[in-house]
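A.B. asks: I need the structure of the sequence given here:
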Amino acid sequence: MIISKTPLRISLFGGGTDFPEFFEKKKVSILGGTINKYIYIPLINQKLITKKNKIKLFYRLKEEVDNVSQIKHKVIKEAFKKFKLKDSIELHISSEIPSYTGLGSSSSFTVGLFNLLQNIKKIKTNKYKLAEDTINFERNILKEFVGYQDQIHAVFGGFNLIEIFKNKIKVKKILNQRNLKNFERNLFLVFTGITRRANDIEKKKKKKN
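C.D. replies: Coordinates of the predicted model:
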C-alpha cells in the first residue's frame, strides 16, 4: 500500500491574479500557505484472481469496474489514462475538510493523485515539474477554470510568496518561525457550512474580464 498525504491551503493576498490573463501582462505576487488539514489517498495494487472488478474506487461513491474507460470519477479516470494504469487497483479518498470550502481541495487531490501515480510508475520529478504537470492536467485535460496557486501551494507546502510572470514560476518560502508563530496566533478558520464550486466562480470572473 502507498498513501499520499497532501495539505489544503489558505490564500491571503493576490490569489485572484493567478491566471494567464493577469500574469501574461504583469508579474503577480501571491501570499498564502498550507494548513494542517490533509487529503489522504491510499492505493493498493493487488493482482486479483478473477478479472471481475479489477478497479475499485472508494470516495463519496463506490465504483467497481473492469477497466479505466468505465470509471465515472473524471479526475481519476483521466489520470489513470495519462499514466497508463491498467493493473488491479484499489483506491480510497478521504479528506479532513469537506469539499468546495475554498481551501483548494480539488487541486490538492490532483497533486496527491499525481504524486502517487508517479511513484508507482517510478517517474522522477521535482516540485516545480509536479506543479506544472498538475496545472496543465486540470486546465488543459480536465478543462477546469482554475488558476495556478492551489497546485503550487499543495506541492511546496509551508508559507510561501509565489511570483508568476509569463511562463516562469518562482516560489519563495517564508521561514521566519517567530513571525509565523505570531501570525498563526492571530488567525482562525471558521466553517460556515456554505460550499461552492470554484470552477463556477472563475467562469463568471473570466466572462467579466
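A.B. asks: okay, CA-based contacts and neighbour counts for the rest of this
C.D. replies: Noted.
A.B. asks: doesn't Gln151 make contact with His33?
C.D. replies: Check again: residue 33 is Gly, not His. No. Contact criterion C-alpha atoms under 8 Å: Gly33 and Gln151 do not qualify, at 11.3 Å.
A.B. asks: higher neighbour count, these two?
C.D. replies: Gln151 (29 against 25; other C-alpha atoms under 10 Å).
A.B. asks: contacts only, for the more buried one.
C.D. replies: Neighbouring residues of Gln151 by C-alpha atoms under 8 Å, 6 or more residues apart in numbering: 107-108, 111, 131, 134-135.
A.B. asks: and the helix ranked longest in the chain, what does it pack onto?
C.D. replies: For the chain, the longest helix by residue count, based on DSSP state H, is helix 105-120. Packing partners of helix 105-120 (3 or more C-alpha pairs under 8 Å, 6 or more residues apart in numbering; DSSP states H and E): strand 2-13, strand 28-45, helix 74-82, helix 127-136, helix 149-156.
A.B. asks: what's the burial count for the residue lying closest to Phe23 once chain neighbours are set aside?
C.D. replies: In space, and not counting its chain neighbours, Phe23 is closest to Phe165: 5.0 Å by C-alpha to C-alpha, 6 or more residues apart in numbering. Close neighbours of Phe165, defined as other C-alpha under 10 Å, add up to 17.
A.B. asks: what distance do you get for Phe165 to Ile44?
C.D. replies: Distance, Phe165 to Ile44, by C-alpha to C-alpha, to the nearest Å: 40 Å.
A.B. asks: contacting residues for Asn115?
C.D. replies: 4, 130 are the contacts of Asn115 under C-alpha under 8 Å, 6+ apart.
A.B. asks: oh, and call the first residue 41 from now on, that's how I've got it
C.D. replies: Noted, 41 is the first residue going forward, which turns the last one into Asn155.
A.B. asks: how near is it to Ser146?
C.D. replies: Counting by C-alpha to C-alpha, the gap from Asn155 to Ser146 is 14 Å.
A.B. asks: Arg49 and Ser146, how far apart?
C.D. replies: Taking C-alpha to C-alpha, one finds Arg49 at 11 Å from Ser146.
A.B. asks: any chance of the helices and strands packed on helix 145-160 in a markdown table, plus mean pLDDT and distance to Lys210?
C.D. replies: Listed next are the helices and strands packed on helix 145-160 as a markdown table, based on pLDDT from 0 to 100; distance: least, C-alpha to C-alpha, whole Å:
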| stretch | mean pLDDT | distance to Lys210 |
| --- | --- | --- |
| strand 42-53 | 94 | 16 |
| strand 68-85 | 94 | 10 |
| helix 114-122 | 97 | 26 |
| helix 167-176 | 97 | 9 |
| helix 189-196 | 97 | 10 |
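A.B. asks: any chance of these in JSON lines, plus distance to Thr235?
C.D. replies: Converted to JSON lines, the helices and strands packed on helix 145-160 look like this (distance: least, C-alpha to C-alpha, whole Å):
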{"stretch": "strand 42-53", "distance to Thr235": "15"}
{"stretch": "strand 68-85", "distance to Thr235": "17"}
{"stretch": "helix 114-122", "distance to Thr235": "20"}
{"stretch": "helix 167-176", "distance to Thr235": "23"}
{"stretch": "helix 189-196", "distance to Thr235": "17"}
